[in-house]
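Colleague: coords please:
(one chain, ligands or ions: 1)
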Amino acid sequence: MKKLIVSMIKASGPMPIDHYMALCLGHPTLGYYMNRDPFGAAGDFTTAPEISQIFGELVGIWCVAAWQAVGSPSPFLLVELGPGRGTLMADILRATAKMKEFSEAVQVHLVETSPVLRQAQRDKLDRQITWHDSVETLPQEPLIFVANEFFDALPAQQLIRHNGATYERCVDVEGDDLVLAIRPIPQVPGLLEGLNEISTVSSAIATSLGARIDALGGAGLVIDYGHLQTAAGETLQALKAHKTVGVVEHPSESDLTVHVDFEALAKAFAAGGAAVLSPKTQGAFLNEMGLEARAAKLAAKLVGQTRKDFLTGAARLVDDKEMGQLFKVLAVAQRLRQPIYPFEAP
Ligand code: SAH
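Modeller: Residues are numbered from 1 along each chain as shown. Take a look at the predicted model:
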């Protein structure tokens, strides 16, 4: 990957950060996600569904509430964007299996580009599934979608506004090494003073989903780390074996992510025509969905270290110093009069 990037930069000049992210993560054969399972202790990072089954169970219950709020369409698409190992979808389907009408109406559609992870999802879910490379090929049906730690993996540009001038963060070559550089670019309207991270790919996906929900009906949940208000500042980071590494140090061998700008994402969903319900922290969302009671019920069947680890995992999802505050939950829906618990009406 490094050789490829060096040759591309030599041929056409410094590479903007969003191109670099897109190549490192999504190159069809060399991309980070294309040939590995990055999760867990032996991988680079872990995610809420991998930490505790309660996460997927409560998201599943939310999906049922959302489905009922939008008029219980049958059939409907249960769509997950970036399903990783398939753990979240497996937990959603298990938790909702007894809701007869819901589970009879479900058609599972997964948006996933990685062949390795598609295989993991196939093994885990063992049922009729349709995979898609992008949301564009989803059938024209009402949908309930979930996206956990999906948008943070999508490419973002880094644009800098300083003293009236505009610059773009790029990757350049120095000797044999990749280095970060900036280059002046023409004015871009609407930038904040400082460094702006802008994910046009994320906005395009949100607008497309918003338009589908408006036209066909449905709702969805985005869960990710990020900020509720657009703000200047750098959040791009590279993770390898659970440690932060330099962004250009291990191209396609480290996970590259940016914090999600929920304000920009909300505007993009609304631009498509969906209603945006006022977002919450993950801690508030899971607590209001009944995490404590569910954790106590499951823990009652466990003993010793297993019980301890289980309770630690559940607490990690909601603790302020762990995932509780940093992660946010944004719900969107077709324009309705009633709220969808635990979100207030838009
Ligand atoms: N939701 C899972 C995995 C998060 S990691 C969990 O919570 O554990 C990001 C996921 O998004 C991976 O499955 C990755 O392969 C997928 N992905 C990344 N970029 C993508 C893209 N452009 N289109 C579709 N899927 C993508």
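Colleague: any idea how far Gly190 is from Gly164?
Modeller: 14 Å (C-beta to C-beta, to the nearest Å). Backbone N, C-alpha and C define where each C-beta goes, glycine included.
Colleague: how about the contacts made by the closest residue to Ile198 other than its chain neighbours?
Modeller: Nearest non-adjacent residue to Ile198, counting by C-beta to C-beta, 6 or more residues apart in numbering: Gln157, 4.9 Å away. Gln157 makes contacts with 16-18, 168-169, 197-200, as judged by C-beta atoms under 8 Å, 6 or more residues apart in numbering.
Colleague: what residues does the stretch 51-200 of the chain put near the ligand?
Modeller: Contact residues of the stretch 51-200 of the chain with respect to the ligand, defined by C-beta under 6 Å from any ligand atom, are listed as 82-84, 88, 111-114, 117, 148-150, 153-154.
Colleague: let's have those residues in JSON lines, adding pLDDT and neighbour count.
Modeller: Shown next, in JSON lines, are those (pLDDT from 0 to 100; neighbours: other C-beta atoms under 10 Å):
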{"residue": "Gly82", "pLDDT": "98", "neighbour count": "22"}
{"residue": "Pro83", "pLDDT": "98", "neighbour count": "29"}
{"residue": "Gly84", "pLDDT": "97", "neighbour count": "24"}
{"residue": "Leu88", "pLDDT": "98", "neighbour count": "27"}
{"residue": "Val111", "pLDDT": "98", "neighbour count": "22"}
{"residue": "Glu112", "pLDDT": "98", "neighbour count": "22"}
{"residue": "Thr113", "pLDDT": "97", "neighbour count": "17"}
{"residue": "Ser114", "pLDDT": "96", "neighbour count": "22"}
{"residue": "Leu117", "pLDDT": "97", "neighbour count": "22"}
{"residue": "Asn148", "pLDDT": "98", "neighbour count": "26"}
{"residue": "Glu149", "pLDDT": "98", "neighbour count": "22"}
{"residue": "Phe150", "pLDDT": "98", "neighbour count": "22"}
{"residue": "Ala153", "pLDDT": "97", "neighbour count": "21"}
{"residue": "Leu154", "pLDDT": "98", "neighbour count": "23"}
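Colleague: secondary structure added to these, as CSV?
Modeller: Below are those laid out as CSV (DSSP: H, G, I helix; E, B strand; the rest coil):
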residue, secondary structure
Gly82, coil
Pro83, coil
Gly84, coil
Leu88, helix
Val111, strand
Glu112, coil
Thr113, coil
Ser114, coil
Leu117, helix
Asn148, strand
Glu149, coil
Phe150, coil
Ala153, helix
Leu154, coil
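Colleague: which one of the residues you listed is nearest to Trp67?
Modeller: Leu88 (16.6 Å; C-beta to C-beta).
Colleague: isn't Leu81 right next to Phe145, touching?
Modeller: Yes - Leu81 lies in contact with Phe145 (C-beta atoms under 8 Å); the separation is 6.5 Å.
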